[in-house]
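>>> please find the sequence and the predicted model below.
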Amino acid sequence: MAKSWYYVIFVATNLLAFLLAAAILIETGLMYKQSFSIATGAGMPVIVYYAGFALGGLIALISFLGLYGVWYKNILATTLFMLVDLVLAIALLVILIVTMLSVNNVSTIPAVDGPIANIQGQLKDVLLNQAINDTKTWNMTEATFTCCGIDLNSTYLYPSYGVTDETFLTMLQPGEECKATRNLILDIHHAHPTYSNESEAMANATMPAGSFCKDKIITAIHTNTVAVAGIAAALIVVMFATSFAAYKLLCRVTTVAGGFITPKQDQNGGQLAFGAPANGGKPQINQVSNGNQLV
């Protein structure tokens, strides 16, 4: 007997998910080790790599649980897969909705609005730490986003580090490709010794748009929101589909079709599909003292 479509969809989806998880883990590992000259995302904070490892490991674990449960007809493993998959799908849906609203400046809940509002300040701290303490990573960040420096405000922090503005700009914007930008900022410093609205106005008037890394990274986040949301939405649909397929395999599909239900036996010893009457659809006959009576 051919396998049920629920079985085919369940196995194929989980197998693809397992291969996807392996690809995520390998790609994240290569970027983390900066092997094979993979520069995309190499300048990201370490937590990004940890998130990649966690995501890949979680997908691999859930997929393996589902495949193991169906292959070995393990009711506990398959039930656990169905419940975990369903809970994660609902959680991902909530996170997706809240994130989309927050990224597009729509107020949601205080627990989310606060961190989202501080993301620019947190990003600036991360980038500043890279520029001062991890020049190799900072160079990769600038190369990845084709930018120079963090923002104009950060260029005025040189007194805190006990250096001149020219030396500090060399730290924030290293390399010949950023020389023109450094010279423009020095002119702004000479005209406006302290950071102000006037210095920002001069920067907007004299510097090319998108010169600073913080602005480019934030723009990239907003630009990619739709793409990320589309991927997440597709993943949610797949997770709900696999949960539904797991339910069908557990409760409605016979073992000969890949499910968990033991098929009934007909009067001739043959196997019947789930829900089929044992007498092959014929009228049920009860024996009484006066003979046969149809019911």
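Cool, the structure landed.

>>> where exactly do the strands run in the protein?
Under the criterion DSSP state E, the chain carries strands at the ranges 264-265, 271-272, 285-288, 291-294.

>>> residue 186 and residue 167 touch, don't they?
No - contact between residue 186 and residue 167 fails when scored by C-beta atoms under 8 Å: they sit 11.3 Å apart. Just so you know, the C-beta spots here come from the backbone N, C-alpha and C atoms, and that holds for glycine as well.

>>> neighbour-wise, which of those two wins?
Ranked by neighbour count (other C-beta atoms under 10 Å), residue 186 and residue 167 place residue 186 first, with 14 against 11.

>>> show the pLDDT at that one.
pLDDT recorded at residue 186 is 95.

>>> what's it in contact with, if anything?
165, 166, 169 (C-beta atoms under 8 Å, 6 or more residues apart in numbering).

>>> just the helices from the stretch 51-200 of the chain, written as ranges.
Per DSSP state H, counting those that start in this stretch, the stretch 51-200 of the chain carries helices over the ranges 75-103, 110-117, 119-133, 135-145, 165-172, 179-191, 197-206.

>>> which of those helices sits closest to residue 222?
Among those, helix 75-103 comes nearest to residue 222, with 6.6 Å by C-beta to C-beta.

>>> buried sites along the closest one?
By 16 or more other C-beta atoms under 10 Å, the buried positions in helix 75-103 come out as 77-78, 80-82, 84-86, 88-89, 93, 96, 98-102.

>>> check stretch 137-157 too.
137-142, 144-145, 147-152, 154-156.

>>> do the same with stretch 11-27
11, 13, 14, 17, 18, 21, 24, 25.

>>> could you do stretch 49-69 as well?
49, 52, 56, 59, 60, 62, 63, 64, 65, 66, 67, 69.

>>> is it true that the second one touches residue 26?
No - using C-beta under 8 Å, residue 52 and residue 26 do not qualify as a contacting pair, with a distance of 10.3 Å.

>>> for residue 237, give its distance to residue 252.
Counting by C-beta to C-beta, to the nearest Å, the separation of residue 237 from residue 252 is 21 Å.

>>> so which of those two has more stuff around it?
Set residue 237 next to residue 252 and count neighbours by other C-beta under 10 Å: residue 252 wins out with 15 against 12.

>>> for the protein, give me the ranges with low pLDDT.
Along the chain, the model assigns pLDDT under 70 to residues 1, 31-48, 99, 101-121, 223-228, 265-295.

>>> domains for it, by residue range?
Structurally, the chain divides into domains by automatic domain parsing as follows: 5-111+224-251, 117-220, 264-294.

>>> got those domains as JSON lines, with distance to residue 257 columns?
Conversion of these to JSON lines gives the following (distance: least, C-beta to C-beta, whole Å):
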{"stretch": "domain 5-111+224-251", "distance to residue 257": "6"}
{"stretch": "domain 117-220", "distance to residue 257": "48"}
{"stretch": "domain 264-294", "distance to residue 257": "8"}
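
>>> before we move on, back to that, columns distance to residue 213 on top of the helices of the stretch 51-200 of the chain, output as a markdown table?
Formatted as a markdown table, the helices of the stretch 51-200 of the chain follow (distance: least, C-beta to C-beta, whole Å):
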| stretch | distance to residue 213 |
| --- | --- |
| helix 75-103 | 19 |
| helix 110-117 | 20 |
| helix 119-133 | 6 |
| helix 135-145 | 6 |
| helix 165-172 | 9 |
| helix 179-191 | 11 |
| helix 197-206 | 14 |
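
>>> among those helices, which comes closest to residue 264?
It is, among those and with distance given as C-beta to C-beta, helix 75-103, at 19.0 Å.

>>> how far does that closest one sit from the chain's center?
12 Å (C-alpha atoms, centre = their mean, to the nearest Å).
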